[in-house]
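>>> all I have is the shape, not the residue letters:
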């Protein structure tokens with residue numbers, strides 16, 4: 001078997017995983033507070049290849065030995081090493097719902113989930129049967145003084161997160177932040193888990209608004225087309241190499 005099929009196979013697998021990542025981003029375009037995932041590539045190569053005359057390939061290089069596009073040298077293998085989350089802010093949409101909240105600036109809402117504290121930028125909240133402020137999944141939104149109970153009346157939430165009913169302050173939305181770069185793990189779409197929370201600074205709470213997903217549909221679809229074409233190219237490369245090896249074996253038998 002032609003050894004060139006192995007790096008081609010590794011590139012094809014990397015592209016297949018990219019398709020999964022992009023598809024998940026596209027599926028969450030309408031998920032408020034969702035943050036897009038991005039792949040981190042790794043190219044495995046022997047140390048002898050890392051000299052000044054033979055620089056390492058780049059993930060999207062189209063020429064040269066070992067590039068992901070057309071990398072047929074059997075010394076180089078490409079894979080997705082990990083994923084990182086793009087924490088850039090999404091567009092803020094006005095809804096007019098007094099229980100919808102958005103954070104302008106850095107910070108996260110704190111959610112008391114059954115698995116421990118979770119952090120999110122999604123502020124489409126609601127009230128449960130006990131008039132407690134919760135997520136749409138029923139998890140409690142944390143306040144500085146515990147659960148946020150909102151009796152009937154005019155609900156106002158100011159820019160610092162102070163919650164009032166009919167003009168009387170009842171609690172304050174708890175907003176925390178983390179040191180950059182964020183070392184948070186995704187948990188159930190727009191929720192994150194992590195350690196090292198601290199009180200957020202310089203943020204502004206907007207009532208009657210939510211932060212949308214930061215996924216750019218046009219860019220994601222363009223990336224999907226590029227990746228699909230690359231994946232098809234790898235398939236053709238592997239097919240060609242396999243056919244070449246088969247013909248070489250036939251010649252050898254003759």
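In hand now; what should we look at? No experiment lies behind these values; they were computed from the predicted model shown. Residues are numbered from 1 along each chain as shown.

>>> what's the spacing between residue 160 and residue 207?
11 Å (C-beta to C-beta, to the nearest Å). All C-beta atoms are positioned from the backbone trio N, CA, C, and that covers glycine.

>>> and these two? which has more neighbours close in?
Neighbours per residue, other C-beta atoms under 10 Å: of residue 160 and residue 207, the larger number sits with residue 207, 20 against 11.

>>> any stretches of this protein with poor pLDDT?
By pLDDT under 70, the weakly predicted segments of the chain are 1-12, 41-81, 231, 234-235, 237-238, 241-254.

>>> what residue is smack in the middle of it?
The centroid of the chain falls nearest to residue 37 when counting by C-alpha atoms, centre = their mean (2.5 Å).

>>> what sits against that residue?
Residue 37 makes contact with 21, 24, 25, 83, 84, 85, 86, 186, according to C-beta atoms under 8 Å, 6 or more residues apart in numbering.

>>> any idea what it is bridged to?
residue 85 (DSSP bridges).

>>> how about residue 22, phi and psi?
Per-residue torsions, residue 22: phi -60, psi -40 (degrees, to the nearest 10).

>>> so it touches residue 224, yeah?
Yes. Contact status for residue 22 versus residue 224: in contact at 5.0 Å, counting by C-beta atoms under 8 Å.

>>> so these two - more neighbours on which side?
Taking neighbours as other C-beta under 10 Å, residue 22 and residue 224 compare with residue 22 leading, 25 against 16.

>>> so who does the more buried one touch?
220, 223, 224, 227.

>>> so which of those belong to helices?
220, 223, 224, 227 (DSSP state H).

>>> so can I have CSV of the contacts of residue 37 showing distance to residue 135?
CSV is the format used below for those (distance: C-beta to C-beta, whole Å):
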residue, distance to residue 135
21, 25
24, 21
25, 22
83, 24
84, 25
85, 19
86, 22
186, 16
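
>>> which of those residues are buried?
Neighbour counting by 16 or more other C-beta atoms under 10 Å classes 21, 25, 85 among these as buried.

>>> can you tell me the SS state at the second one?
This means residue 25. helix (DSSP: H, G, I helix; E, B strand; the rest coil).

>>> JSON lines for the buried ones among the contacts of residue 37, including distance to residue 128?
Converted to JSON lines, these look like this (distance: C-beta to C-beta, whole Å):
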{"residue": "21", "distance to residue 128": "35"}
{"residue": "25", "distance to residue 128": "31"}
{"residue": "85", "distance to residue 128": "29"}
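
>>> out of those, which one sits closest to residue 91?
For the buried ones among the contacts of residue 37, the residue nearest residue 91 by C-beta to C-beta is residue 25; the value is 15.5 Å.

>>> would you confirm that that closest one contacts residue 35?
No. Taking C-beta under 8 Å as the definition, residue 25 is not a contact partner of residue 35, at 9.4 Å.

>>> per-domain residue ranges of this structure.
As recorded under automatic domain parsing, the domains making up the chain are 5-87+215-253, 92-211.

>>> can you confirm residue 182 is in a strand?
No. Using three-state DSSP, the assignment for residue 182 is coil, not a strand.

>>> need the contact list for it.
85, 87, 192, 194.

>>> so how far is residue 97 from the second one?
As for residue 87, its distance to residue 97 is 25 Å (criterion: C-beta to C-beta).

>>> please report how far the residue nearest to residue 104 when sequence neighbours are not counted lies from residue 157.
Closest residue in space to residue 104, ignoring its immediate chain neighbours: residue 204 at 4.2 Å, by C-beta to C-beta, 6 or more residues apart in numbering. Distance, residue 204 to residue 157, using C-beta to C-beta: 11 Å.
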